[in-house]
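A.B. asks: Provided below for reference: sequence and predicted model.
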Amino acid sequence: MSQMLSPDLSAIEIRCYFVRKRNCLLVRGRFGPLYMDYYLHLMQHGIKHPDKLDQMLKDGLTGVALHLASRPHDEGCAWTINLHDPLLNIFVTGATIPGRVTGRLFTEDVKDTGKSLFIAQTTRTHMQNRQSMIEFQGNDVLAAVEQFYTQSEQRLTRIFRLEDEDFVQISAEPDADEEWLAGLTDADILTLDEAEHLTLLETRSYVFDCGCTAERMFPMLSRLNEEDLGYIFEDGSATITCPRCAAIFRTPKSDFDEWKSRQTS
């Protein structure tokens, strides 16, 4: 996720605050513009999700963006949320430099383990990659993110869904007032800036974008044998689906052959 972002994308701002005397980190953002680009992406590639699954993927995108905003700038992450009922995988990923999130649903050939799993992979510059996995209950994606924080990150975190696609995440920092955090309601969040002392730490921007191109899929094709490549390019072109955002590319074999020749020259 290192390429420049398109100026046509609609960036959202996520503001990060420290809740003084409560020792909690609050991040919040209004996700409408990001959702709009997500829907434009679906339309462009002819993708249609049932309403329930569509909302679950949007919640995954929201959760990963709020998470990234609360983490170091050079950290990236990828979450696979494997649900038992309904049986599907929600995949979301992103980074802060540049501020980009993307994701997709997998509804076919999904492994059913009889339970729901949250698998998180974290990357950070000059540090070893980390992976953690937890089992969670229910099929509420944002509740699954909260359970991930409690079990894997080992800190209490609450996520609130407000009107106008506004979301707030509050996480416990060292010496946090966890009783206060656990007792917060939606009504409390609406008046939090009046009841508590919030200090703005920074503002970060994120867009919905994968950055994929047909050429970025070519390394994946290059690992196939000649027989499989012959099948894929049977009519002279191949249809390639991005594993991260489900974008569909139709590419001629000549483009793939030209890319291969550049790799060996």
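C.D. replies: Perfect, I can see it now. Residues are numbered from 1 along each chain as shown.
A.B. asks: now do the buried residues in stretch 135-147.
C.D. replies: 136, 139, 141-142, 144-147 (16 or more other Cβ atoms under 10 Å). C-beta coordinates here come from the backbone N, C-alpha and C atoms, glycine included.
A.B. asks: stretch 45-57 now?
C.D. replies: For stretch 45-57, burial by neighbour count (16+ other Cβ under 10 Å) applies to 47, 49, 54, 56-57.
A.B. asks: I'd like the average pLDDT over the host helix or strand of F218.
C.D. replies: In the assignment (DSSP states H and E), F218 maps to helix 214-222. Across helix 214-222, pLDDT averages out at 91.
A.B. asks: roughly how far does the residue lying closest to Y149 once chain neighbours are set aside sit from A182?
C.D. replies: Nearest residue to Y149, sequence neighbours excluded (Cβ to Cβ, 6 or more residues apart in numbering): T157, at 3.7 Å. The spacing between T157 and A182, counted by Cβ to Cβ, to the nearest Å, is 11 Å.
A.B. asks: looking at these two, which one has more neighbours?
C.D. replies: T157 (21 against 10; other Cβ atoms under 10 Å).
A.B. asks: quick check: closest non-adjacent residue to W180.
C.D. replies: W180's closest residue in space is R22 (Cβ to Cβ, 6+ apart), at 5.6 Å.
A.B. asks: no no, F18
C.D. replies: Going by Cβ to Cβ, 6+ apart, F18 has T199 as its nearest residue, at 4.7 Å.
A.B. asks: I'd guessed the one you found sits against R15; true?
C.D. replies: No - look at T199 against R15 with Cβ atoms under 8 Å: they stay out of range, at 11.1 Å.
A.B. asks: quick one: contacts for I189?
C.D. replies: 160, 162, 168 (Cβ atoms under 8 Å, 6 or more residues apart in numbering).
A.B. asks: so which helix or strand takes in it?
C.D. replies: Counting by DSSP H and E, I189 is found in helix 186-190.
A.B. asks: toward the C-terminus, what is the element adjacent to that helix?
C.D. replies: helix 192-195.
A.B. asks: quick one: buried residues of the next helix or strand after that next one?
C.D. replies: Where DSSP H and E defines the elements, the next helix or strand beyond helix 192-195 is strand 198-208. Buried residues in strand 198-208, counted by 16+ other Cβ under 10 Å: 198, 204, 206-208.
A.B. asks: now stretch 228-237
C.D. replies: Judged by neighbour count using 16+ other Cβ under 10 Å, the buried positions of stretch 228-237 are 232-233, 237.
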